[in-house]
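> Model the following, please.
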Amino acid sequence: MAISLRLNNEDTILIKNYAKLHDISVSDLFRQAVMEKIEDEYDLNAYEKAMEDYNKDGTTYSLSEVEKELGLS
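Numbers count the residues shown, from 1 in each chain. This next block holds a predicted model:
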């Protein structure tokens, strides 16, 4: 799939120079940046859900308790 993006000259130069500095294509740079943004948002949502669950219950377990529960110790 092809996606076009309009940028001003200053942004274009900055992006191309950054990609060149890191020895990647502009396409790879955009792909990586977008995927990182999506992953960050997913992680933030997972954290917020976990905190919501924790605030409802508040139960915590030590590492040794978790290992025992999972049969790892």
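
> Can you give the contact residues for stretch 59-68?
Residues outside stretch 59-68 that contact it (C-beta atoms under 8 Å, 6 or more residues apart in numbering) are 54, 69, 73. Using the backbone N, CA and C atoms, a C-beta is placed for each residue, glycine as well.

> Just give the number of residues close to the second one.
What that stands for is E69. 10 (other C-beta atoms under 10 Å).

> swap in L7?
Neighbours of L7 under the rule other C-beta under 10 Å: 11.

> ok, now how distant is it from A46?
Counting by C-beta to C-beta, to the nearest Å, the separation of L7 from A46 is 32 Å.

> now swap in D57 and tell me
As judged by C-beta to C-beta, D57 and A46 stand 17 Å apart.

> out of those two, which sits in the busier spot?
Taking other C-beta under 10 Å, D57 and A46 do not tie; A46 has more neighbours (10 against 7).

> can you pull the buried residues of the host helix or strand of that one?
Secondary structure from DSSP states H and E places A46 in helix 26-57. Judged by neighbour count (16 or more other C-beta atoms under 10 Å), helix 26-57 contains these buried residues: L29.

> any idea how far that helix is from the chain center?
5 Å (C-alpha atoms, centre = their mean, to the nearest Å).

> send the alpha carbons of the helix or strand following that helix over as PDB?
Using DSSP H and E, the next helix or strand after helix 26-57 towards the C-terminus is helix 63-69. Output of helix 63-69 as PDB, limited to C-alpha atoms (Å, rounded to 0.1, in the frame of the first residue of the first chain):
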ATOM      1  CA  LEU A  63       8.000 -12.900  42.800                       C
ATOM      2  CA  SER A  64       8.300 -16.100  44.900                       C
ATOM      3  CA  GLU A  65       4.500 -16.300  45.300                       C
ATOM      4  CA  VAL A  66       4.000 -16.000  41.500                       C
ATOM      5  CA  GLU A  67       6.700 -18.600  40.800                       C
ATOM      6  CA  LYS A  68       5.000 -21.000  43.200                       C
ATOM      7  CA  GLU A  69       1.600 -20.300  41.700                       C
END
